[in-house]
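Asker: no FASTA, just this:
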């Protein structure tokens, strides 16, 4: 039986319609949280909300294009108008195109940095503004092992995740005195919709991807979206109220 570890908390999730974002949205709802899902896929968002309601909680979907700062602001304004507070923010939205340093074009670089960093920066700005009103809050930024150098064909992505690590440390250092926490959840190699789509565009099937990854990763398999939900519940709950500035690694033993 659930302990309702997130009872009555209001949690905003950017990119909450896919992958780890959606998995956490549904589990957090099961744990008693009110969920605000930000994204572009309304159908998927509303499916997640139906699953949340089955377990007796509630939430809303806010259509937003995270390339637009005004949409980032509207996501948090809508959450506050609906529920009167914001307790947590999980920044999941991100893109991972092929982007080697020696061939990455300006358009790809700007797209990656705008989605992965600029949107996160302004979402965190809004999160802090509303968390101040209730005197505390937890922000979790989605990290990657690529932040420590990265693979050759992910240069722009690696840089975006590296700067998110700096943003996490900045928030943790400068807002702890307001009881606003920020931690970095380093995800491993995960067969999300985006990862599978990218690999298929390069001629690799999902099964081949999984088989190849199983031989590379020390723990013998890829991480699944559901593998991260317990860590996220902990980071959003009062159990972690003294944890900030942390790098929470869940990578199946992968260290790039």
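Answerer: It's in. On a predicted model such as this, the values are computed, not experimentally measured, just so you know. Numbers count the residues shown, from 1 in each chain.
Asker: hey, let's count contacts and neighbours off CA atoms from now on
Answerer: OK.
Asker: stretch 6-14: how far from the chain's middle?
Answerer: Computed by C-alpha atoms, centre = their mean, to the nearest Å, the separation of stretch 6-14 from the middle of its chain amounts to 13 Å.
Asker: which regions of the stretch 151-256 of the chain sit below the pLDDT cut-off?
Answerer: For the stretch 151-256 of the chain, the stretches with pLDDT under 70 are 256.
Asker: all helices in it, in order from the N-terminus.
Answerer: For the stretch 151-256 of the chain, the helices identified by DSSP state H, counting those that start in this stretch occupy 155-175, 193-201, 206-216, 229-236, in order along the chain.
Asker: buried deepest among those helices, which one?
Answerer: Among the helices of the stretch 151-256 of the chain, ranked by average contacts under mean count of other C-alpha atoms under 10 Å, first place goes to helix 155-175 (a mean of 21).
Asker: how far away is the nearest residue to residue 15 once chain neighbours are set aside from residue 37?
Answerer: Spatially, and ignoring its direct neighbours in sequence, residue 15 is nearest to residue 93 (4.1 Å; C-alpha to C-alpha, 6 or more residues apart in numbering). For residue 93, the distance to residue 37 under the criterion C-alpha to C-alpha, to the nearest Å works out to 11 Å.
Asker: one more: residue 220?
Answerer: Applying C-alpha to C-alpha to residue 220 and residue 37 gives a distance of 32 Å.
Asker: neighbour-wise, which of these two wins?
Answerer: Comparing residue 220 with residue 37 by neighbour count (other C-alpha atoms under 10 Å), the higher total belongs to residue 37, at 30 against 15.
Asker: same for the host helix or strand of that one, what does it pack against?
Answerer: Residue 37 is part of strand 34-39, with elements assigned from DSSP states H and E. For strand 34-39, the helices and strands in contact under the criterion 3 or more C-alpha pairs under 8 Å, 6 or more residues apart in numbering; DSSP states H and E are strand 10-14, helix 19-30, strand 59-63.
Asker: tell me the most buried of those?
Answerer: Between the helices and strands packed on strand 34-39, the one whose residues have the most neighbours on average, counting mean count of other C-alpha under 10 Å, is strand 10-14 (a mean of 27).
Asker: give the pairing partners of it; include direction for each.
Answerer: Pairing partners of strand 10-14, with direction, according to DSSP bridges: strand 34-39 (parallel), strand 88-91 (parallel).
Asker: after the first one, which helix or strand is next?
Answerer: Going back to what we said before, that points to strand 34-39. helix 42-54.
Asker: what's that following helix in contact with?
Answerer: Residues external to helix 42-54 that are found in contact with it (C-alpha atoms under 8 Å, 6 or more residues apart in numbering): 16-18, 22, 25-27, 29-30, 37, 39, 58-61, 63.
Asker: swap in 7 Å and give it another go.
Answerer: Taking contacts as C-alpha atoms under 7 Å, 6 or more residues apart in numbering, the residues outside helix 42-54 that touch it are 17, 22, 26, 29, 30, 37, 58, 59, 61, 63.
Asker: thanks a lot, catch you later.
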